[in-house]
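In: sequence-free structure coming up:
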């Protein structure tokens, strides 16, 4: 599924062309490989520097940049057979250390710079550089069967004979190997050995035992009828193996009962740095935790392997000339390497060592990054994403950032393949610098033409893209850039240079693809480079037909404050001298003029120069230039009114009325002349509406000018009535005379009478002219409600009503008078109806009418019995009020007397004196002697009273001070 290892043939024929010489053991150390032969020679092979770099970083050579610039014909590595490459190597040194005896084992001891060699049951230590025997020579025991290094310390060595195990440690102080321990009484010949820190694991014919190096305690870990063929140690940091762990390593005993060594083998290998043990039986591999429990990682090879190696999380088995690589993460086969001649396999870290006969191979583990790059080159995008999700857990802090970088690499590869939809799908998931993408599409602004990506060779991608049809990707590019702006608007702002590139590129794309989007881009918040944008817009204008993005060009100039240039362009659009289908007509120019503040001659000059054309093109839309709600400093009112008077399209001054209304509402202008002028215009409009000729002209003008205010009589009168009721500073007497002259405007008359407080006249109009009894009653209720509210406010402030300008309302009596004094010639039915209204009014609102005043208003023709109910209720109300007043007065008197009594008691101090009372001066008992008492209740013998006005104890002077009586009286008066 994924490319994991790269094979290199490092030795093609050991020691020349002699066919009888074969490799017996190997060891790798960086760019050096040591080979032990069957004839007792140790060979040291070195590689050229470029090959060394390839061995150490072959995966890194496939960088993300190479991935996106690779050709579409790149082959896919993964499941299948991968042939080994041949590497050039140089035989540096050849050293015979065993005569004709086979080199069984070679172990590099890096801490000492030595090679530990097992040859002919003897341990020989060589210098790793010169292959000369060290001095003093290693004190090797006789008949050594196997050796192992403590990978944890890097300085300890164990040599095992038939019955004993000898432990040595290299001393850097004396430069020699010092014996540390010796273990005797081994149960039999040791076939394999592995050293795990404090524990030696020894494989015998029928069991596996562990010896503690510190205590010397030997433990039988597991036993079986089938002897293990190998016990390989490849760990650097594996934890100590314990008895509790290895007693569970016999789960295959029942399934392999009766098997022989030729048909079944038990292979063991620790997992470096993970704390697991791999046990392989037949074709099944199971990983155990250090406590002996199952870890859950299991793989099954297609054939029983003859040798295994571990490069976590991959388990490698060698069988039938094939190296089968499987992952414990999904138990799937990830790679198959074809080596028909290979018979042995081992591993050191991430490097596999394979040899057979006279040939030696190295298998270099490809890094995770290189695996991803290889999959991207092969266009296996989904596999690359799956591999990342498997290999990088969610707990990694930088996982999201790494995932976005992977999406970016995939997106650029898809872009090179012209798979635009897939490319931009991944670009949207990444955090790609938009400038990289714009550089590829040749859309960077001129000021950023020298931009160079810090992560990839963009020129190569650009050349490949230009050979295709990149314009087909422009819609997707537009969507991507718009999404970048949306993300920035949500609170993740782009870098300034990136924002400039994005907005300028969008402008260029909009010119050809979406001209209607140019105005929103330029009028909103943007980082467009003005010079680049201006050049692009002007280049898109066809001077022959005078068509192009004129509106966008004007918007660009306006956005940088070049209002004159912008308005000149818009003026040509409004006048029809140039054509821009995406233009907003006069509205853009209106908005710009509306944004100008008053108080500046320059602003008024621009308005006076360009507003006439706008008023002629769209009169009432252009009115926004003068009534802008965003203008904080107003224009000169008289100048505006004089200017608008020249362009009035209706028989009445609609433009001036609109501006006057804006003055009052927006700027709170309180001058009587402007208020009166506005109301007069509304009165003129109503008068014109009543003239048939002017009404027809008004209707025609309203139809001809979209946006004009409604010109029906109802709409005009509603506008006038609203002004009469809301405007506070117009000349009421003047307007009242004009309304009377027009006639028929009874509602307006009522509003004017109410304005000046002529309630009698207002109610007579309602009752007799409009016969609106309900309206008259509502009028009185509204006036009375205002009166009650202002009265409550005056009482709350503690001031008389006169200070607030409030007088007692007689509006109810005015209504009663209007009913009782009808005009001459009132029809009899209406007169009877008025009498009925009097009775109903007194019955429902009698509380507002004093009986004496009502009786004075009653005409002789109306009998008192008609209002009998009202009079009875009024008398009862009067009697109840008198009773409440009497009760209240009695309560007040009672309270006053109680307060006076309490005050008298408080002012009457008393002192209790008996025979035991002591004089405050001589401190003797008063007995029956004459005594004196001071106002502060100090009691003394009369003979001890030196001054009748000054207390002998406190020294207080009780004589009245000047003006004290006046102050006391003043305090009592205030109270």
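Out: Looks like it arrived, so ask away. All values derive from a computational prediction rather than experimental measurement.
In: Could you spell out which stretches of this structure belong to which domain?
Out: Per the record, the chain has its domains at 759-882, 909-974, by the TED database.
In: need the contact list for residue 37.
Out: Applying C-beta atoms under 8 Å, 6 or more residues apart in numbering to residue 37 gives the contacts 14, 15, 21, 22, 23, 24, 43, 102, 103. From N, CA and C alone the C-beta is placed, and that goes for glycine too.
In: who's in contact with the last one?
Out: The contact partners of residue 103, by C-beta under 8 Å, 6+ apart, come to 24, 25, 36, 37, 38, 40, 41, 42, 97, 117, 118, 119.
In: could I get these as JSON lines with distance to residue 476 and pLDDT?
Out: Conversion of those to JSON lines gives the following (distance: C-beta to C-beta, whole Å; pLDDT from 0 to 100):
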{"residue": "24", "distance to residue 476": "62", "pLDDT": "86"}
{"residue": "25", "distance to residue 476": "59", "pLDDT": "87"}
{"residue": "36", "distance to residue 476": "61", "pLDDT": "89"}
{"residue": "37", "distance to residue 476": "63", "pLDDT": "88"}
{"residue": "38", "distance to residue 476": "65", "pLDDT": "87"}
{"residue": "40", "distance to residue 476": "69", "pLDDT": "89"}
{"residue": "41", "distance to residue 476": "65", "pLDDT": "90"}
{"residue": "42", "distance to residue 476": "63", "pLDDT": "91"}
{"residue": "97", "distance to residue 476": "68", "pLDDT": "89"}
{"residue": "117", "distance to residue 476": "65", "pLDDT": "93"}
{"residue": "118", "distance to residue 476": "66", "pLDDT": "93"}
{"residue": "119", "distance to residue 476": "68", "pLDDT": "92"}
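In: quick one: which of those is nearest residue 215?
Out: Set against residue 215, the nearest of these by C-beta to C-beta is residue 118 (27.0 Å).
In: ok, residue 162 - how many residues close by?
Out: By other C-beta atoms under 10 Å, 13 other residues sit near residue 162.
In: so it, which of the three states?
Out: Under DSSP: H, G, I helix; E, B strand; the rest coil, residue 162 falls in the coil class.
In: now swap in residue 475 and tell me
Out: Following three-state DSSP, residue 475 is assigned to helix.
In: tell me the contacts of it?
Out: Neighbour list for residue 475: residue 513 [criterion: C-beta under 8 Å, 6+ apart].
In: hey, which helix or strand in this protein has the poorest pLDDT?
Out: Lowest mean confidence among the helices and strands of the chain (mean pLDDT, DSSP states H and E): helix 243-246, at a mean of 33.
In: what stretches of the stretch 101-250 of the chain score poorly on pLDDT?
Out: Per-residue confidence for the stretch 101-250 of the chain (pLDDT under 70) gives these ranges: 151, 196-197, 208, 221-250.
In: again, only using 80
Out: Regions of the stretch 101-250 of the chain meeting the criterion pLDDT under 80 cover residues 151-154, 191-201, 203, 205-210, 219-250.
In: Quick one: the strands in it, in order.
Out: Per DSSP state E, counting those that start in this stretch, the stretch 101-250 of the chain carries strands over the ranges 103-109, 114-119, 122-127, 146-149, 156-160, 164-171, 176-184, 192-196, 199-203, 207-212, 218-223, 230-231.
In: give me the number of residues near residue 634?
Out: That count, for residue 634 with other C-beta under 10 Å as the rule, works out to 17.
In: what's the answer for residue 933, then?
Out: For residue 933, the count of nearby residues is 14 (other C-beta under 10 Å).
In: Quick check: pLDDT value at it.
Out: Per-residue confidence (pLDDT) for residue 933: 88.
In: Angles on the backbone of it, please.
Out: Backbone torsions of residue 933, given as degrees, to the nearest 10, read phi -130, psi 130.
In: Just list whatever residues bridge to it.
Out: According to DSSP bridges, the partner residues bridging residue 933 are residue 939.
In: With residue 212 instead?
Out: According to DSSP bridges, the residues that bridge with residue 212 are residue 199.
In: Name the SS class of residue 830, please.
Out: Under three-state DSSP, residue 830 falls in the helix class.
In: Give me the spatial nearest neighbour of it, chain neighbours excluded.
Out: residue 822 (7.2 Å; C-beta to C-beta, 6 or more residues apart in numbering).
In: Mind giving me the packing neighbours of the host helix or strand of residue 278?
Out: Using DSSP states H and E, residue 278 sits in strand 276-281. For strand 276-281, the packing partners by 3 or more C-beta pairs under 8 Å, 6 or more residues apart in numbering; DSSP states H and E come out as strand 266-271, strand 284-289, strand 307-311.
In: between it and strand 192-196, how many degrees?
Out: For strand 276-281 against strand 192-196, the angle by axes from the mean of the first three to the mean of the last three C-alpha atoms, to 10 degrees is 160 degrees.
In: Residue 333 touches residue 317, doesn't it?
Out: No. Using C-beta atoms under 8 Å, residue 333 is not in contact with residue 317, being 10.2 Å away.
In: which residues do those two both contact?
Out: In contact with both residue 333 and residue 317: 324, 326, using C-beta under 8 Å, 6+ apart.
In: contacting residues around residue 200?
Out: Residue 200 makes contact with 148, 158, 165, 193, 194, 210, 211, 213 under the criterion C-beta under 8 Å, 6+ apart.
In: if we can go back for a sec, now the contacts of residue 37 in TSV, with distance to residue 298 and secondary structure?
Out: Below are the contacts of residue 37 laid out as TSV (distance: C-beta to C-beta, whole Å; DSSP: H, G, I helix; E, B strand; the rest coil):
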residue	distance to residue 298	secondary structure
14	38	coil
15	42	coil
21	41	coil
22	36	coil
23	33	strand
24	34	strand
43	40	strand
102	37	coil
103	36	strand
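In: Just among those, which is most surrounded?
Out: Counting by other C-beta under 10 Å, top hit in these: residue 103 with 27 neighbours.
In: Quickly list what that one is bridged to.
Out: On the basis of DSSP bridges, residue 103 is bridged to residue 119.
In: For residue 894, the count of nearby residues, please.
Out: Using other C-beta under 10 Å, residue 894 is surrounded by 10 other residues.
In: Compare the domains of the chain and say which comes out lowest on pLDDT.
Out: Across the domains of the chain, domain 909-974 has the smallest mean pLDDT, namely a mean of 80.
In: any idea how far that domain is from the chain center?
Out: Relative to the centre of its chain, domain 909-974 is centred 83 Å away, using C-alpha atoms, centre = their mean, to the nearest Å.
In: one step back: I'd like the helices and strands packed on strand 276-281 written out as CSV, with mean neighbour count added.
Out: Below are those laid out as CSV (neighbours: other C-beta atoms under 10 Å):
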stretch, mean neighbour count
strand 266-271, 24
strand 284-289, 20
strand 307-311, 23
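In: Compare those and report which one is nearest to residue 818.
Out: Of all these, strand 284-289 comes closest under C-beta to C-beta, at 106.1 Å.
In: buried residues in the next helix or strand after that closest one?
Out: Later in the chain than strand 284-289, the nearest helix or strand by DSSP H and E is strand 294-300. Counting neighbours by 16 or more other C-beta atoms under 10 Å, one finds that the buried residues in strand 294-300 are 295, 297, 299.
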